[in-house]
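Q: all I have is the shape, not the residue letters:
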């Protein structure tokens, strides 16, 4: 399956504790959370092969 965006929502009954979202150790906020792929938004440096 391929997707350019996903939405993460808490499972369970209404009125219960809403979990928080974390990304790379950083607190992002309470769910629901939408994450979207943006081409060219992140540059990654890697060492040369060989």
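A: On my side now, so go ahead. For clarity, every value in this text was computed on a predicted model and none was experimentally measured.
Q: excluding chain neighbours, what is closest to the most centrally placed residue in the chain?
A: The residue lying closest to the centre of the chain (CA atoms, centre = their mean) is residue 35, at 4.9 Å. Spatial nearest neighbour of residue 35, excluding adjacent residues (CB to CB, 6 or more residues apart in numbering): residue 6 at 5.4 Å. In this view, the C-beta of every residue, glycine as well, is placed from N, C-alpha and C.
Q: residue 34 too?
A: The nearest residue in space to residue 34 (CB to CB, 6+ apart) is residue 7, at 4.8 Å.
Q: contacts only, for the one you found.
A: 32-35 (CB atoms under 8 Å, 6 or more residues apart in numbering).
Q: show me just the buried residues among these.
A: residue 33 (16 or more other CB atoms under 10 Å).
Q: work out for me the element the residue nearest to residue 34 sits within.
A: Assigned by DSSP states H and E, residue 7 belongs to strand 5-8.
Q: and residue 3, what pLDDT?
A: Residue 3 is assigned a predicted lDDT (pLDDT) of 91.
Q: what about it, neighbour count?
A: 8 (other CB atoms under 10 Å).
Q: show me the contacts for it.
A: By CB under 8 Å, 6+ apart, the contact list for residue 3 reads residue 37.
Q: which residues of this structure score low on pLDDT?
A: 13-15 (pLDDT under 70).
Q: now do the helices in it.
A: Remark: no helices are assigned in the chain by DSSP state H.
Q: strands along that one, start to end?
A: 5-8, 20-23, 26-30, 33-36 (DSSP state E).
Q: appreciated, that's everything.
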